[in-house]
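>>> Return a 3D structure for these sequence lines:
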Amino acid sequence: MPKTLCRLLALALLCCSCRSTLAQAEIAIDVGHGVDDGGAVSARGRDEFLFNQELAALLAEQVRHLGHIVRPINFSGTQSTLQERPLLAVGSDFFISIHHDSVSEAYLQSWEWEGIERTHTEVKRGFGLFVSANNPDLRTSLRCASSMGALLRRAGFTPSDWHSRKHFAADADNGVWFYDNLFVLQRTTLPAVLFEAGVIKHKEEELELRDPIRQRRMAETLASGLAACLQVRETPAPE
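Sure, this is the predicted structure:
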């Protein structure tokens, strides 16, 4: 394991067990989609935005618990334009956009839920972290994505192996992928990651993603990984 990632995990474990006394950071937490654009629809007909809103609120709580500042973006679901949301993060130390994943129609099956015909998948599940190669601070973006992914794996969460079908790997072991044309990642002026917490079209994973205990554990893990990453300052390579 790279030395930097070892340091991050050690710091993250410290963050998990006590309130951080390290340098305070400001983290912009963005809720994907909104009231008018609910995003993907789950296997049981629930809008992605509601999943995003719940997890983002828990993540904000955990980030504050670790002694850092939260800049909430689109928590109400009314700041949903892709042009506006990255601009609202300007001045923060990091930008993380919270999402939940779906799957292409080719992998969907029909089923009935509460008398309504719905669609679901049985093949794709798991989390993913995305960075843009066009980000102005790609090194920090990648470092933080790997930190969060490694700690999520350590906590028992599993990264999806489906993203290799569409994206180049940045750190496949820890669920980190390049996704260069995502607007919220391209247009930020600070290090940024988009987090897909899981696949809401998967019937079983949808229920897991709605479990309050699991949601809180995921939020705690994300916050610890991110807080640890932002404490690490890599030494520049000699010229």
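
>>> Please report the distance of A170 from L58.
Distance of A170 to L58, given as Cβ to Cβ, to the nearest Å: 26 Å. (Each C-beta comes from the backbone N, C-alpha and C, glycine too.)

>>> swap that for S132, please
In terms of Cβ to Cβ, S132 sits 25 Å off from L58.

>>> Who has more neighbours out of the two?
Ranked by neighbour count (other Cβ atoms under 10 Å), S132 and L58 place S132 first, with 22 against 19.

>>> What ranges does this protein have for its strands?
26-31, 69-73, 94-101, 109-113, 116-120, 128-131, 169-171, 176-178, 192-199 (DSSP state E).

>>> among the helices and strands of this structure, which has the poorest mean pLDDT?
Here the helix or strand of the chain ranked lowest by mean pLDDT, DSSP states H and E is helix 3-17, holding a mean of 53.

>>> got the strands of the chain as JSON lines, with mean neighbour count, mean pLDDT and distance to Q231 columns?
Output for these, formatted as JSON lines (neighbours: other Cβ atoms under 10 Å; pLDDT from 0 to 100; distance: least, Cβ to Cβ, whole Å):
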{"stretch": "strand 26-31", "mean neighbour count": "24", "mean pLDDT": "97", "distance to Q231": "13"}
{"stretch": "strand 69-73", "mean neighbour count": "18", "mean pLDDT": "97", "distance to Q231": "15"}
{"stretch": "strand 94-101", "mean neighbour count": "27", "mean pLDDT": "97", "distance to Q231": "12"}
{"stretch": "strand 109-113", "mean neighbour count": "11", "mean pLDDT": "96", "distance to Q231": "45"}
{"stretch": "strand 116-120", "mean neighbour count": "15", "mean pLDDT": "97", "distance to Q231": "41"}
{"stretch": "strand 128-131", "mean neighbour count": "26", "mean pLDDT": "97", "distance to Q231": "19"}
{"stretch": "strand 169-171", "mean neighbour count": "18", "mean pLDDT": "96", "distance to Q231": "19"}
{"stretch": "strand 176-178", "mean neighbour count": "22", "mean pLDDT": "96", "distance to Q231": "19"}
{"stretch": "strand 192-199", "mean neighbour count": "27", "mean pLDDT": "98", "distance to Q231": "16"}
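
>>> how many other residues sit next to Q215?
Number of residues near Q215 (other Cβ under 10 Å) recorded here: 19.

>>> Quick check: it touching A56?
No: using Cβ atoms under 8 Å as the test, Q215 is too far from A56 to be in contact (10.5 Å).

>>> How about the contacts made by the residue nearest the centre of the chain?
The structure's the chain has its C-alpha centroid closest to F195; by Cα atoms, centre = their mean the separation is 2.0 Å. Residues in contact with F195, defined by Cβ atoms under 8 Å, 6 or more residues apart in numbering, are I96, S97, I98, H99, F127, G128, L129, F130, M148, L222.

>>> Show me the beta-bridge partners of it.
I98, L129 (DSSP bridges).

>>> measure it to R118 for me?
Per Cβ to Cβ, F195 is found 25 Å from R118.

>>> how near is the residue nearest to the centre of the chain to G225?
For F195, the distance to G225 - Cβ to Cβ - is 11 Å.

>>> Just give the closest residue to V193, not the sequence neighbours.
Once flanking residues are discounted, V193 sits nearest to A145: 4.8 Å by Cβ to Cβ, 6 or more residues apart in numbering.

>>> separation between the one you found and G115?
41 Å.

>>> Neighbour count: the two, which is higher?
Each of A145 and G115 has its neighbours counted (other Cβ under 10 Å); A145 has more, 29 against 5.

>>> right, and that one touches D173 too?
No: between A145 and D173 there is no contact under Cβ under 8 Å: 11.9 Å.

>>> Specify the angle between the helix of greatest length in the chain and strand 94-101 in degrees.
The longest helix of the chain (DSSP state H) is helix 212-231. Interaxial angle, helix 212-231 versus strand 94-101 (axes from the mean of the first three to the mean of the last three Cα atoms, to 10 degrees): 150 degrees.
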